[in-house]
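A.B. asks: no sequence for this one, just the structure:
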């Protein structure tokens, strides 16, 4: 396991897998023993950033909600995860969850729901996050014409606040699915 021989005057490509057990920056030295009297030991400095993938869940999730199954977006240390089949406000009214990455992995910050939720809106069918802005689509809102909700992160307390709800306006029609 981990040992091999290389014939004289030949080459061997080596692949290393790094599997950290914690989040952080790691370094080390790879030492290769050689039977060459002029170069018995070869040392290679290694440096890398270890990331443990964290499983995130909806703290109040229920079977069938498809948490993350339709849309996930990550930008920097923030992620937004769709949960369009959430029934908190009415059947399939939907929700989205904001997470922040820190030294311990990803932690839940806030659950977003539509202030005007109706059954079957599917708020959170599509989500996106960029910098301090998050966008959540509700493609069945407004009787299928659809809408998007734009949130901005308040720098003072970190809360994600609704800035606007946008629809396709007068040109929107049932079945357009704006926000999908």
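C.D. replies: Nice, I can see it. Predicted model, so just to flag it, every value in this text is computed and none were measured.
A.B. asks: tell me the contacts of residue 139?
C.D. replies: 122, 125-126, 146, 177-180 (CB atoms under 8 Å, 6 or more residues apart in numbering). Using the backbone N, CA and C atoms, a C-beta is placed for each residue, glycine as well.
A.B. asks: once you drop chain neighbours, what's closest to it?
C.D. replies: Sequence neighbours aside, residue 180 is the residue nearest to residue 139 in space, at 3.5 Å (criterion: CB to CB, 6 or more residues apart in numbering).
A.B. asks: need the contact list for that neighbour.
C.D. replies: 125-126, 137, 139, 146.
A.B. asks: rerun that using 6 Å as the cut-off
C.D. replies: 125-126, 137, 139 (CB atoms under 6 Å, 6 or more residues apart in numbering).
A.B. asks: most neighbours of all these, which one?
C.D. replies: residue 137 (28 neighbours; other CB atoms under 10 Å).
A.B. asks: tell me if I'm right that that one and residue 179 touch.
C.D. replies: Yes: contact between residue 137 and residue 179 holds when scored by CB atoms under 6 Å: they sit 3.0 Å apart.
A.B. asks: quickly list what's touching both of these two.
C.D. replies: By CB under 6 Å, 6+ apart, the residues touching both residue 137 and residue 179 are residue 148.
A.B. asks: and residue 106, how far from residue 72?
C.D. replies: 11 Å (CB to CB, to the nearest Å).
A.B. asks: can you pull out the strands in the chain?
C.D. replies: Secondary structure of the chain by DSSP state E: the strands cover 24-33, 41-50, 72-75, 78-83, 95-102, 105-112, 123-130, 133-138, 147-153, 160-167.
A.B. asks: nearest to residue 59, out of those strands?
C.D. replies: strand 105-112 (6.0 Å; CB to CB).
A.B. asks: okay, now the unreliable bits of the protein?
C.D. replies: Scanning the chain with the threshold set as pLDDT under 70 gives 1-5, 14-37, 39-55, 65, 170, 172-173, 175.
A.B. asks: distance between the ends of stretch 71-89?
C.D. replies: Separation of the first and last residues of stretch 71-89 by CA to CA, to the nearest Å is 20 Å.
A.B. asks: same check, this time on stretch 122-140
C.D. replies: End-to-end for stretch 122-140, by CA to CA: 6 Å.
A.B. asks: now it: buried residues?
C.D. replies: Across stretch 122-140, burial judged by 16 or more other CB atoms under 10 Å covers 122-127, 129, 134-140.
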